[in-house]
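Q: how would this look folded up:
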Amino acid sequence: MPASSSRNVRLLARVVLCGALLWAMAGLPHAQQRSAGAVQPVNHLPNPYETVRSWGSLPAARQWGSVSALQADRDGRHIWVAERCGANSCAGSKVDSVVRLDPQGHVVTSFGADMFIFPHGMHIDRDGNVWVTDARSATPAELERFPDAKGKGHTVYKFSPQGKVLLRLGTPGVAGDPPTHLTEPNDVITAPNGDIFVAEAHTGQNLDKPTHGVARIVKYTRDGKVIKSWGRWGSAPGEFKTPHALAFDSQGRLFVADRGNNRLQIFDQDGTLIAEWKQFSRISGLHIDSNDTLYAIDSESSPERNPGWRKGLRIGSARTGEVWYYVPQHDAAVPSGGGGFGAMGEGVTVDAAGNVYGGEVGSITGLTKFVPRLLPRGRGSSRIARP
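A: Model prediction:
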């Protein structure tokens, strides 16, 4: 090979290598690069949404209970919700707690009566099946008042869109460890190959020591056989204090809202930690759309639990970790999450038109709809124009 050709090959190799390094560096979230230092509170970004409280209605004069479980259907138009039977618990109730709402907010499908105590997390899989977690069993006071509440809770159910039970994980009413039991499952999600991921447990986020020591992600095959689990109670990398919500990005990375530690943790599907992000605040609910736009809803921040941060909805990029928008909390006589100011939902989902829905828990119940003021642009209709 002539000397000039050899030099050209070496030069091209250097260009390719530098390009690859720059691409890799660009792919590293900004938050990962600054994770060693403190992250300034994100409370004052633009808000491109109009807030519409009390969206949607239930039949037969039913009142909304607490809602942390909601998800847009596969058609992008309907919204599935699992509400806590007009209260903050379904103990003693016989109403259908799982409902499907049409674009006008009217119920078109319902099921799940007498099956749940504390519906908490929801996922709609690629076949339109409805997954719901039941995050606790009945309390002693509930059992004394409603004896038939025994034998419910600590479970994950997979339903057909018509309400037929297709799979159950956990032993109803009994906390414990996989493969036969679960402890306070918060959320569930499935990967493209059908693998199932469940986040446990709900208590322990505000304690100095855990009551039961459970804080983990459990991975199952599509038919419910345990593959592995990872995580334990704590604040070190890879540990959790209430892994409250789950989402996948377009790369197949698993985002875990580690609420008690005021952070997101990002893993590959084998449980290897990739990054830790704190710029989306204390996250209760999480949604990542097909464009990798990340919606993180904070229902709990307060001076005691997350100093300097405000409750609200933060929207940004799952690719870079940038936060683009902040939707502030709404007024409430009693704040959500046990402190701080105002209220904001726990669950969050987005429809095909870019409307965002928050599921309210505590002092305000039901659903809130956030309607874009800016016209969407780019690929997919669910993305708000980036600043």
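
Q: who's the nearest residue to Gly231 once chain neighbours are set aside bridged to?
A: Closest residue to Gly231 in three dimensions, ignoring its sequence neighbours and counting by Cβ to Cβ, 6 or more residues apart in numbering: Arg216, at 4.1 Å. Any C-beta I mention is one placed from the backbone N, CA and C, and that applies to glycine too. For Arg216, the beta-bridge partners are Glu200 (DSSP bridges).

Q: residues in contact with Arg216?
A: Contacts for Arg216 (Cβ atoms under 8 Å, 6 or more residues apart in numbering) come out as Ala199, Glu200, Ala201, Ser229, Trp230, Gly231, Arg232, Phe240, Pro243.

Q: In these, find the pair that's most separated.
A: Ala201 and Trp230 (14.2 Å; Cβ to Cβ).

Q: Now do the strands in the stretch 251-387 of the chain.
A: All strands of the stretch 251-387 of the chain, identified by DSSP state E, counting those that start in this stretch, fall at 254-258, 263-267, 273-277, 285-288, 293-298, 312-317, 323-328, 347-350, 356-360, 366-372.

Q: what's the neighbour count on Arg168?
A: 12 (other Cβ atoms under 10 Å).

Q: and the closest residue to Leu313 other than its chain neighbours, how many neighbours does it have?
A: Once flanking residues are discounted, Leu313 sits nearest to Val327: 4.0 Å by Cβ to Cβ, 6+ apart. If you count neighbours by other Cβ under 10 Å, Val327 ends up with 24.

Q: my guess is Val327 contacts Glu50, does it?
A: No: here Val327 does not reach Glu50: they are 9.8 Å apart, not a contact under Cβ atoms under 8 Å.

Q: Find residues that contact each of those two.
A: Contacts common to Val327 and Glu50, judged by Cβ under 8 Å, 6+ apart, are Phe370.

Q: sorry, back to before: which of the strands of the stretch 251-387 of the chain sits closest to Ala38?
A: Among the strands of the stretch 251-387 of the chain, strand 263-267 sits nearest to Ala38 (Cβ to Cβ), with 12.3 Å.

Q: Pairing partners for the closest one, with directions?
A: Applying DSSP bridges, one finds strand 263-267 paired with strand 254-258 (antiparallel), strand 273-277 (antiparallel).

Q: Can you list the buried residues in that strand?
A: For strand 263-267, burial by neighbour count (16 or more other Cβ atoms under 10 Å) applies to Arg263, Leu264, Gln265, Ile266, Phe267.

Q: Excluding residues flanking it in the chain, which one is nearest Gln40?
A: Using Cβ to Cβ, 6+ apart, the nearest residue to Gln40 is Gly308, at 8.0 Å.
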